[in-house]
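Peer 1: this one's structure only:
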DNA sequence: TTCAATAGTTCGATAATCTTGAACTACCGA
DNA sequence: TCGGTAGTTCAAGATTATCGAACTATTGAA
């Protein structure tokens, strides 16, 4: 048996850690994909930019998990990740939603 | 004459850079204070945590400026900083407002 | 005009953090 | 039990942050 994932309680999630997690282009992209579709594993074509090394992906998912943004569950050999949308929206109303909406028009720079 | 400040056009501001700038506790605090009161200089008691070294403060204001969050203007010997609220809200509707609101209930960690 | 004080910037070195290849663990199916 | 797949951990090199010290600009007074 593998070590289980640790998820912070929603009340222990800090705004800074959420913003920090979302400030990285790769992690923002992951969150956008998770928000669009259903939960999916790390290697799922929808989850993360494909050309990124596994260890880097693993690290980014860990940051997202520890920031309280995603929930990870083992399903056999893979890990299924899902966005903790509704919990987060209760704690920080509108924050995730407005960021996700804004991330669409974020073409320049 | 001192080198003038460079501010990005609002359309060149990226969501990542905004989130990155706000992910730091010191910078979030600065933005909160600027949002609360009027524009003020770096050494203004309202602007930044007082115990922080000048060079570090200067760095944080630079990050905020380059991220497009604040506008800085020289007034004689001091620099007056102000939040680019309305511009940013046009580009990323609700993002700054919801973050500022959320930052109040952000007690735990 | 000269001088001291104030406000902030720049530089450089140390400290902390991120990225990634390599090795490893866990689980599934044949 | 063996091979393949999915993901984690470790360690080292590359980035980035922090902060003291030296510097620049501006103001106000003598």
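Peer 2: Ah, there it is. If you're wondering where the values come from, they're calculated on a predicted model, not measured in any experiment. Residues are numbered from 1 along each chain as shown, chains lettered A, B, ... in the order given.

Peer 1: Please make it C-alpha for all contacts and neighbour counts, starting now.
Peer 2: Fine.

Peer 1: Residue A:78: neighbour count?
Peer 2: Using other Cα atoms under 10 Å in any protein chain shown, residue A:78 is surrounded by 14 other residues.

Peer 1: Could you measure from it over to residue A:72?
Peer 2: In this view, residue A:78 and residue A:72 are 10 Å apart by Cα to Cα, to the nearest Å.

Peer 1: how long is stretch A:59-74 from one end to the other?
Peer 2: Its first and final residues considered, stretch A:59-74 spans 16 Å by Cα to Cα.

Peer 1: Give me the contact list for it.
Peer 2: The contact list for stretch A:59-74 (Cα atoms under 8 Å, 6 or more residues apart in numbering or on different chains) reads A:5-10, A:13-14, A:17-18, A:21, A:26-27, A:42, A:79-85, A:88.

Peer 1: 7 Å instead?
Peer 2: If you take Cα atoms under 7 Å, 6 or more residues apart in numbering or on different chains as the criterion, stretch A:59-74 is touched by A:5, A:7-8, A:10, A:13, A:17-18, A:21, A:27, A:79-84.

Peer 1: hang on, residue A:94 packs against residue B:98?
Peer 2: Yes. Using Cα atoms under 7 Å, residue A:94 is in contact with residue B:98, at 5.8 Å.

Peer 1: and the contacts of stretch A:59-74, which are buried?
Peer 2: Buried by 16 or more other Cα atoms under 10 Å in any protein chain shown: A:7-8, A:10, A:13, A:17-18, A:21, A:27, A:79-84, out of those.

Peer 1: contacts with chain B among those residues, please.
Peer 2: When contact is defined as Cα under 7 Å from any Cα of the partner chain, those meet chain B at A:13, A:17.

Peer 1: Mind checking which of the buried ones among the contacts of stretch A:59-74 are in strands?
Peer 2: Residues of the buried ones among the contacts of stretch A:59-74 located in strands (DSSP state E): A:79, A:80, A:81, A:82, A:83.

Peer 1: Reformat those as TSV; add distance to residue A:56 and pLDDT.
Peer 2: Output for these, formatted as TSV (distance: Cα to Cα, whole Å; pLDDT from 0 to 100):
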residue	distance to residue A:56	pLDDT
A:79	15	90
A:80	17	90
A:81	16	91
A:82	19	91
A:83	19	94
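
Peer 1: which one of those is nearest chain B?
Peer 2: residue A:83 (18.4 Å; Cα to the nearest Cα).

Peer 1: Mind listing the residues bridging to the closest one?
Peer 2: Bridge pairing for residue A:83 (DSSP bridges) gives the partners residue A:70.
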